[in-house]
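# Pasting the sequence and the predicted model now:
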Amino acid sequence: MAGFDSFGLFAAMQERYDPSLIERAAQQNWEQTRAFKAREDSAKPKYYCLSMFPYPSGKLHMGHVRNYTIGDVLARFHLMQGYSVLQPMGWDAFGLPAENAAMANNVAPAKWTYANIDHMRGQLKALGLAIDWEREIATCQPGYYKWEQWLFTRLFEKGLVYRKNATVNWDPVDETVLANEQVIDGRGWRSGALVEKREIPMYFFRITQYAEELLNELDQLPGWPEQVKTMQRNWIGKSYGVRFAFRLAGEPDNLLWVYTTRADTIMGVSFVAVAAEHPLAARAAANNPALAAFVEECKRGGVAEADLAALEKKGMDTGLKVVHPLSGEEVPVWVGNYVLMGYGEGAVMAVPAHDERDFHFAKAYGLPIRQVIAAAGEEFSLDAWQEWYGDKTRGACVNSGKYDGLAYEAAVDAIAADLKALNLGDKQVQFRLRDWGISRQRYWGCPIPIIHCEACGDVPVPEQDLPVVLPEDVTITGRGSPLAKMPAFYECACPKCGKPARRETDTMDTFVESSWYYARYACPDADQMLDERANHWLPVDQYVGGI
Ligand code: ANZ
Ligand code: ZN
């Protein structure tokens, strides 16, 4: 902190504290002496203080000031304690607001973003934070996102990135995909049009491959609050259940698979409910216009799970029947708007007596409700749902033939074994965690480095051709992505066979950039994704987030 004392003296000599004079002088001195330059000095203990990097929205707000002040106090404290300190700053610079601003103000997203960065950098500097500005990064710069594209191609080659169809919110007027938060009461936030669900090809990070490891490692995390670990565990959502099949009535080779965590209630099944997107729903709807209309209605509206959970439970009989694998009884197949296509098998065995959603559904549509679990001292009544009906830790099977008297675990074991003997199912572990869909049909983002060739399929862009640079001089109309209208961008040669091919025009979710910036700060000028300096600075010693 060279020069600090003379500034103290200088300040003491003034009658009044004049921040523009005193602080500017101090800040200039810090800049000239590179007082906050982070040095990889192995003789000192290191301290890496990472504050959540800001989105360059225009101006700093008090949330920024609060957050960065907390980080700054910690950084300066450790500097004074003799640590070698890294306190970097950068910009989470890609994202939708730049496109919206572009439409509103008729300015290209890049220009808007860089102007905001300049303004906000000036504000941050005026705050006098102990930041090493030589490590500044902006995620919209090719020097940053080149390495993100490089990592994407490596993951793609390893099979950890793959392409599959996924359902998105589609605005038919703006001809664009909407994020969940852009769907308001089932309508596009800008156009007001009724939003549809659409299936489009997207790229996914295979994060579910690490579900078990993520879950196990949570126990090893030192010093994390128990509530946070619980939240993480629930997000990963390991579930132990049974996957089994019903045969279609009259078509014994046609199987309808379901996933249940309550196989012990299997003798209480009174119908099966499938998602609107389930193939059986489509099959039944083909010659049933009322059902087809209902399926369409379910497909409208957002795809967010929270929205689906809040929906009024609605359904319709498909007219199809399936045979219960253990009782031989025929049960109807319904389409239910509360069944998610993306979880388990997209179909559930409905047990209205012991599942709350099924209970309300069965009451609404006059379907049978059969009690198959009894708990000591509790009365079962159809009048209202009671908590204990769904509590697997209480009671034992009743009205369930040979399984009567068995408690949860023993009943699940016996029933899973019987299903397995029939070759119709087995125990299964499911995770709630989904693979991460990272494709965005947006312009202002990191281009996905894939080339589509008719002969070779999806070909990753070779390393020597990276980065795939995002053109910055564009007009945003709000209709579709400008990249898909720029032949100069998408027309290319296949890196494998040389034939004419088409470059991917989707970009990556901005959370991909914010997943690794903390590491890039260690070596922002490296001519590779990361170098040895990452080993010096990582892990982050203190993260300050929550702007
Ligand atoms: C029958 C049953 C009876 C169920 C009962 C619960 C209580 P977790 O714990 O989250 O894994 N389910 C399965 N697939 C579904 C889907 N695609 N959409 C909506 N619901 C689905 O939840 C598993 C339970 O959620 C399963 O167990 C199934 O309902 C439902 F008394 O099966 B259960
Ligand atoms: Zn090719």
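Structure received. Ligands and ions are numbered 1, 2, ... in the order given.
# Give me the pLDDT for the residue nearest the centre of the chain.
Central residue of the chain (Cα atoms, centre = their mean): W436, 5.7 Å from the mean position. As predicted, W436 sits at a pLDDT of 91.
# What separation is there between it and V348?
Going from W436 to V348 by Cβ to Cβ, to the nearest Å gives 25 Å. Glycine gets a C-beta too; all of them are placed from N, C-alpha and C.
# For burial, what's the neighbour tally of the closest residue to the residue nearest to the centre of the chain other than its chain neighbours?
For W436, ignoring the flanking residues on the chain, the nearest one in space by Cβ to Cβ, 6 or more residues apart in numbering is F205 at 4.3 Å. F205 has 20 neighbours, counted by other Cβ atoms under 10 Å.
# Likewise for L326?
Residues contacting L326 under the criterion other Cβ under 10 Å number 19.
# For it, give me phi and psi.
phi -110, psi -30 (degrees, to the nearest 10).
# Surely it and D418 touch.
Yes - taking contacts as Cβ atoms under 8 Å, L326 lies within contact range of D418: 6.3 Å.
# coming back round to it: touching, the residue nearest to the centre of the chain and F204? I think so.
Yes - with contact defined as Cβ under 8 Å, W436 reaches F204; the gap is 6.3 Å.
# so what sits against both of the two?
Between them, W436 and F204 share no contacting residue under Cβ atoms under 8 Å, 6 or more residues apart in numbering.
# how much space is there between the closest residue to ligand 1 within the stretch 1-150 of the chain and A488?
Closest residue of the stretch 1-150 of the chain to ligand 1, Cβ to the nearest ligand atom: L96 (29.4 Å). Going from L96 to A488 by Cβ to Cβ gives 24 Å.
# So between the two, which is more surrounded?
Comparing L96 with A488 by other Cβ under 10 Å, the one with more neighbours is L96, at 18 against 7.
# Could you double-check that the more buried one sits in contact with I476?
No - look at L96 against I476 with Cβ under 8 Å: they stay out of range, at 10.8 Å.
# Pull out the buried positions in stretch 16-34.
E23, A26, Q27, N29, W30 (16 or more other Cβ atoms under 10 Å).
# picking that back up, quick one: the residue nearest to W436 and ligand 2, what's the gap?
Distance of F205 to ligand 2, given as Cβ to the ion, to the nearest Å: 25 Å.
# Then L256?
L256 is 40 Å from ligand 2, by Cβ to the ion.
# Just confirm that residue is within a strand.
Yes - under DSSP: H, G, I helix; E, B strand; the rest coil, L256 sits within a strand.
# can you give me the strands in the stretch 1-150 of the chain?
46-51, 84-86, 90-91, 137-138 (DSSP state E, counting those that start in this stretch).
# I'd like those strands as TSV, with mean pLDDT, distance to A126 and mean neighbour count appended.
Shown next, in TSV, are the strands of the stretch 1-150 of the chain (pLDDT from 0 to 100; distance: least, Cβ to Cβ, whole Å; neighbours: other Cβ atoms under 10 Å):
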stretch	mean pLDDT	distance to A126	mean neighbour count
strand 46-51	98	17	23
strand 84-86	98	21	24
strand 90-91	98	17	24
strand 137-138	98	19	21
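# which stretch among the ones you listed comes nearest Q386?
Q386 sits nearest to strand 46-51 of all those, at 48.7 Å, using Cβ to Cβ.
# Enumerate the residues of the stretch 351-500 of the chain near ligand 1.
V351, H354, D355, G390, Q430 (Cβ under 6 Å from any ligand atom).
# The first one touches T261, doesn't it?
No - under the criterion of Cβ under 8 Å, V351 makes no contact with T261, lying 11.1 Å away.
# Could you look up the SS state of the nearest residue to Y259 once chain neighbours are set aside?
Nearest residue to Y259 in three dimensions, chain neighbours excluded: G344, at 3.1 Å (Cβ to Cβ, 6+ apart). Here G344 is recorded as coil under three-state DSSP.
# For G344, give me its contacts.
Counting by Cβ under 8 Å, 6+ apart, G344 makes contact with G241, R243, V258, Y259, Q430.
# Distance check, the first one against ligand 1.
Right, the one you point to is G241. Distance from G241 to ligand 1, counting by Cβ to the nearest ligand atom, to the nearest Å: 6 Å.
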